[in-house]
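# below are the sequence and a predicted model for it; my questions follow.
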Amino acid sequence: MEEITEGVANVTVSGDTQKKNRIQVSNTKKPLFFYVNLAKRYMQQYNEVELSALGMAISTVVSIAEILKNNGFAVEKKIMTSTAEIRDDSRGRPISKAKIEIVLGKSEKFDELMEAAAAAAAADERVGDGEEQS
């Protein structure tokens, strides 16, 4: 099985160990829908995904979770907020940052929606190749 490691930010938070189904979101690294699609792949593999962010990236995590919930892919299992001590090498002292972790599970319709999306993508590809044009 292929391990997906894209989209994991290099943030060291004291006491945190990397879980296989965790996506650490950055608000500057990747577009929003990169994370939405990555979360869907994680839910396919692990049945749930944990979205995690610090500081300004929190709004991005909330947006990802809401997109997945509103489109019927996910159900909310847990939301945790806290502060994390981040070591800032330039200032030489730790900084407290807000942290959010949202755990989403597959909805009852998840597999059905993923199959429909895959079928639509395949149909779009065929039209793009000229096979189904009328």
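Received, thanks. Numbers count the residues shown, from 1 in each chain.

# sketch out the low-pLDDT regions of this structure for me.
By pLDDT under 70, the weakly predicted segments of the chain are 1-18, 128-134.

# can you give me the strands for it?
In the chain, the segments counted as strands under DSSP state E are 22-25, 48-54, 74-88, 93-106.

# run through who's touching the last one.
To tie it back to what came earlier, the one meant is strand 93-106. With CB atoms under 8 Å, 6 or more residues apart in numbering as the test, strand 93-106 has contacts from 13, 39, 43, 47-55, 58, 61-62, 65, 68-69, 73-88. C-betas here are computed from N, CA, C, even on glycine.

# residues of that strand that come out buried?
By 16 or more other CB atoms under 10 Å, the buried positions in strand 93-106 come out as K97, K99, I100, E101, I102, V103, L104, K106.

# adding distance to S26, write those out as JSON lines.
Output for the buried residues of strand 93-106, formatted as JSON lines (distance: CB to CB, whole Å):
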{"residue": "K97", "distance to S26": "13"}
{"residue": "K99", "distance to S26": "13"}
{"residue": "I100", "distance to S26": "13"}
{"residue": "E101", "distance to S26": "15"}
{"residue": "I102", "distance to S26": "15"}
{"residue": "V103", "distance to S26": "19"}
{"residue": "L104", "distance to S26": "18"}
{"residue": "K106", "distance to S26": "25"}
